[in-house]
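Q: Sharing a model that was predicted from the sequence below.
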Amino acid sequence: MLAIENLAATVDGKEILKGISLEVAPGQVHAIMGPNGSGKSTLGYVLAGREGYEVTSGSATWNGSDLLAMEPEERAAAGVFLAFQYPVELPGVGNANFLRTALNAIRRARGEPEMDAMQFLKLARAELKKLGMPDEMLKRSVNVGFSGGEKKRNEILQMAILQPKLAILDETDSGLDIDALRIVADGVNALRAPDRAMVVITHYQRLLELIVPDQVHVLANGRIVKSGGRELALELEAKGYAGLGLAA
Amino acid sequence: MRGWALRPDSVTSTGALVSADATAAPWLARYAGLRMRLPGADLGWLSHLREEAAGAFARGGWPPRRHEAWKYSDLRALAAQSWHEPLAAMDRTLPAPIPALGSARAVMIDGRFRPDLSDLDALPPGVQVRGLARVLDDDPESISGRLGALAHIHDHPFAALNTLLMEDGVVIEVEEDSGFDGILHVASIGAAPGGRPVAFHPRVLVVLHKGARLTLAKSAEGGPGATFLDNPVTEITLAAGAHLTHVRLQDLPDSAAQLATTYVRLAEDATYDSFVLVAGAGLSRNEIHATLAGPRATCHLNGAQLLNGTRHADTTTAIDHAASNCASRQTYKSVLAGRSRAVFQGRIHVHQVAQKTDGYQMNQALLLSPDCEMDSKPQLEIYADDVKCSHGATVGELDEGALFYLRSRGIPADEARSLLVHAFLADALELVGDESLREALSEATERWWRKVAA
């Protein structure tokens, strides 16, 4: 269970999150929608532990542990995963090496045996196939020269391999055409599980037609201003953020 | 005239040498004392060459930092140190293990060729490797006109000093259309026994005749704490269509310094493919002068400098495009930790005749600490109008975004940093075509990183 209480955070001294409270239970998918600049991505970074995002008040716990006190890699070992809006390019770091290093670091932290190259390759190939990605993607440097769609798929590939318990997807739909969107959504849906919580951050409702959320929250100006069922997303789509009295 | 001339001047000095520069005095005194005992002392052409070098060194001495070519490398501490002649090699005990880089090897200890430690049996008949002192005794005609043909004693203080005091070295010659399928390894080990600081000045001559090919690996190592100054000069002549792959691994202790100067001349269709890994030395300079003298010659000068502590490493290259349709490519990477300092100076000179030149130079540095310093000076001089020349230089720290991305996937900070440093070096190391040599350089990189990360 992810429990966020009255969370406030600043970036470069500027307050971006102004008191957010949210609970996401295992098995649930929560969508966070909101206009640009509302603080959606900041929330994702704060939960993943990026430097430069200073929490000024409130708390965030994950299964009772203080998430904010943990290093980013400790959060990953505890099951937290952030799918980046802009996945980072790592020239010279092979995708396979990256994925295996990450998986084994997490397995080590959990006291599980590491996977050898053969075991890993078998696992990675199976997941690649599900996402319609060629094996050749494993040999390339992480995200270097990848199209927008390939980068997003690569994020989902990482999620599928690392099997997190809390997945935060930051604008995973941005920059995708409808076919790529469907593949990514199928990948996410395949990972929906009773013991896995998901937070889907998006600007548009269209992703939520494919990844149907249990709850929708509207974030504006650093606060959750409205929560509801999936019908809230439809209402937003019809009226726009301005129609709800929010700056677009 | 005082200082290092840009052009050879005709003044030579004979008889008693009066040095204008105090830093030259101890070396000239040593030369005066050794002159009659140096190898080839009875050879007129060599004595003349040494005298000329003595004159040049007497006028210029050790280069001060106001000398443009030496602006970023301060040699005062080296110049002030008193250095001794290496003792004659007496025992077979090696001060450092010799890395296994090839299937034939020539070993030098404190600059002296050691046939007893060398193993050249694997070489085919067309590939000849001999000790320089021996050649000067037995067969000097074979190298007269070659030794000193490329080294610029009037422009370069250490080419002059080496010429003055060279006692030994290695002579490598590959006959027309011959080659060696294995790797010839020249291992240089600094021993400096008894804690006595020594300086040595080996000369290596490499001649590849028409269509010849060779992979030459050079390693430079030293015993732990051994204090020495290695001042090698290498002259490489590549005839038409010859192909030399030259991979160097410099892994000296902090107590050692190396000033290595290499001259290469390429005839038409020749290829020189060089990689230098600087993994250790308190102070080092690797300087390469390549002249593309015939059409369609290709020159690759690549390398990496790994620094920590208070180390100083300087890579200086000068490529002369003196013929048409030649290509030169340079990729150099430096990783700096601690309070280290690295220098890259790269000059490309495209002469007016060198139309259709394709020149590329990339020099990148990664700074791991706020106290290190990188000085980078690319220099393009282009006098031909139909050329393609590009260069780039970057200096930066580890990318915070990349580090966070890795850590967010569960990779601990230390391991993430290690991945990024290795990735930074990867596209340089990948330029080493031979797999076993690439592996050896990767291992040296790994050893260096383990010391830094510890």
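A: Thanks, I have the structure now. Numbers count the residues shown, from 1 in each chain, chains lettered A, B, ... in the order given.
Q: Count the neighbours of the residue of the stretch 101-250 of chain B found nearest chain A for me.
A: Closest to chain A within the stretch 101-250 of chain B is B:Val247: 20.3 Å, counting by CB to the nearest CB. Glycine gets a C-beta too; all of them are placed from N, C-alpha and C. Per other CB atoms under 10 Å in any protein chain shown, the neighbour tally for B:Val247 reads 27.
Q: in what helix or strand does it lie?
A: Element membership of B:Val247, judged by DSSP states H and E, is strand B:243-251.
Q: so what's B:Met108 up against?
A: B:114, B:168-170, B:186-189, B:202 (CB atoms under 8 Å, 6 or more residues apart in numbering or on different chains).
Q: which SS class is it?
A: strand (DSSP: H, G, I helix; E, B strand; the rest coil).
Q: Tell me the spacing between B:Ala54 and chain A.
A: Noted for B:Ala54: a distance of 49 Å to chain A, by CB to the nearest CB, to the nearest Å.
Q: An error on my part: the question was meant for B:His48.
A: 52 Å.
Q: likewise B:Thr262?
A: 28 Å.
Q: and whichever residue of chain A sits closest to chain B, helix, strand or coil?
A: Per CB to the nearest CB, A:Gly92 is where chain A lies closest to chain B, at 3.0 Å. At A:Gly92, secondary structure determined by three-state DSSP is strand.
Q: What residues does the closest residue in space to A:Pro164 that isn't next to it in sequence make contact with?
A: Among residues not flanking A:Pro164 along the chain, A:Phe81 sits closest, at 3.4 Å (CB to CB, 6 or more residues apart in numbering or on different chains). By CB under 8 Å, 6+ apart, A:Phe81 lies in contact with A:158-159, A:162, A:164, A:166-168, B:408-409.
Q: per-residue pLDDT, A:Phe81?
A: Note for A:Phe81: predicted pLDDT of 97.
Q: doesn't it fall inside a helix?
A: No: counting by three-state DSSP, one finds A:Phe81 to be strand, located in no helix.
Q: count of neighbours near A:Lys239?
A: Using other CB under 10 Å, A:Lys239 has 12 other residues around it.
Q: next one: B:Pro125
A: For B:Pro125, using other CB under 10 Å, the count is 7.
Q: How many residues are close by A:Lys40?
A: A:Lys40, neighbours per other CB under 10 Å, totals 24.
Q: Please apply the same query to B:Glu400.
A: 11.
Q: What are the phi and psi values at it?
A: Backbone geometry at B:Glu400, expressed as degrees, to the nearest 10, gives phi -60, psi -40.
Q: Please list all residues in contact with it.
A: Neighbours of B:Glu400 in contact, by CB under 8 Å, 6+ apart: A:Glu51.
Q: Next one: it, what pLDDT does it get?
A: 94.
Q: do the same with B:Leu87
A: 78.
Q: and it, that one's in a strand?
A: No: if the criterion is three-state DSSP, then B:Leu87 is coil and not within a strand.
Q: And for it, the neighbour number?
A: By the other CB under 10 Å criterion, the neighbourhood of B:Leu87 contains 14 residues.
Q: Quick check: nearest residue in space to it, chain neighbours excluded?
A: B:Pro193 (6.6 Å).
Q: correct me, but the one you found touches B:Pro95?
A: Yes: under the criterion of CB atoms under 8 Å, B:Pro193 makes contact with B:Pro95 at 7.5 Å.
Q: which ones are touching A:Glu23?
A: A:1-4.
Q: Repeat the analysis, applying 10 Å as the threshold.
A: A:1-5, A:30, A:61, A:197, A:215 (CB atoms under 10 Å, 6 or more residues apart in numbering or on different chains).
Q: Just want the angle from the helix or strand B:Val452 falls within to strand B:243-251.
A: Using DSSP H and E, B:Val452 sits in helix B:435-453. If you take axes from the mean of the first three to the mean of the last three CA atoms, to 10 degrees, helix B:435-453 sits at 20 degrees to strand B:243-251.
Q: which residues in the chain form helices?
A: Since no chain was named, I'll use chain A. A:40-48, A:72-77, A:95-109, A:117-130, A:148-162, A:178-190, A:206-210, A:231-243 (DSSP state H).
Q: hm, I was asking about chain B
A: B:25-34, B:44-60, B:76-80, B:132-138, B:157-165, B:400-408, B:413-429, B:435-453.
Q: For the second one, buried residues please.
A: Looking back up the chat, that one is helix B:44-60. For helix B:44-60, burial by neighbour count (16 or more other CB atoms under 10 Å in any protein chain shown) applies to B:46, B:49-60.
Q: pLDDT on it, on average?
A: Here the average pLDDT along helix B:44-60 is 95.
Q: cool, and the shortest one?
A: On average, the pLDDT along helix B:76-80 is 92.
Q: buried residues in it?
A: B:78-79.
Q: chain center to it, what's the gap?
A: From the chain centre to the centre of helix B:76-80 is a distance of 20 Å (CA atoms, centre = their mean, to the nearest Å).
Q: How about the fourth one?
A: What separates the centre of helix B:132-138 from the centre of its chain is 23 Å, taken as CA atoms, centre = their mean.
Q: Check which helices and strands it is in contact with.
A: strand B:112-113, strand B:127-131, strand B:169-174, strand B:203-208 (3 or more CB pairs under 10 Å, 6 or more residues apart in numbering or on different chains; DSSP states H and E).
Q: just the last one next, same as before
A: Packing contacts for helix B:435-453, counted by 3+ CB pairs under 10 Å, 6+ apart, involve strand B:213-222, strand B:243-251, strand B:271-280, strand B:298-307, strand B:327-336, helix B:413-429.
Q: CSV please, covering those and showing mean pLDDT.
A: CSV is the format used below for those (pLDDT from 0 to 100):
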stretch, mean pLDDT
strand B:213-222, 97
strand B:243-251, 98
strand B:271-280, 98
strand B:298-307, 98
strand B:327-336, 98
helix B:413-429, 94
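Q: Would you reformat these as JSON lines and include distance to B:Asn286?
A: Below are those laid out as JSON lines (distance: least, CB to CB, whole Å):
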{"stretch": "strand B:213-222", "distance to B:Asn286": "10"}
{"stretch": "strand B:243-251", "distance to B:Asn286": "7"}
{"stretch": "strand B:271-280", "distance to B:Asn286": "5"}
{"stretch": "strand B:298-307", "distance to B:Asn286": "7"}
{"stretch": "strand B:327-336", "distance to B:Asn286": "10"}
{"stretch": "helix B:413-429", "distance to B:Asn286": "14"}
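Q: Contacts only, for the residue nearest to B:Asp121 when sequence neighbours are not counted.
A: Using CB to CB, 6+ apart and skipping the chain neighbours, the partner closest in space to B:Asp121 is B:Ala104 (7.3 Å). By CB under 10 Å, 6+ apart, the contact list for B:Ala104 reads B:118-124, B:127, B:129, B:180, B:182-186.
Q: hmm, which two among those residues are most spread apart?
A: Spanning the widest gap among the contacts of B:Ala104 are B:Pro124 and B:Val186, at 17.3 Å by CB to CB.
Q: Who has more neighbours out of the two?
A: The neighbour comparison of B:Pro124 against B:Val186 (other CB under 10 Å) goes to B:Val186, with 28 against 14.
Q: who does the more buried one bridge with?
A: Counting by DSSP bridges, B:Val186 is bridged to B:Ala106, B:Lys218.
Q: Excluding chain neighbours, what is closest to the residue of chain B found nearest chain A?
A: Residue nearest to chain A within chain B (CB to the nearest CB): B:Ala423, separated by 3.0 Å. Spatial nearest neighbour of B:Ala423, excluding adjacent residues (CB to CB, 6+ apart): A:Gly92 at 3.0 Å.
Q: Any idea how many residues pack against that neighbour?
A: By other CB under 10 Å, 20 other residues sit near A:Gly92.
Q: same thing with the one 3 residues further on?
A: Other residues within reach of A:Asn95 by the criterion other CB under 10 Å amount to 24.
Q: All set now, cheers.
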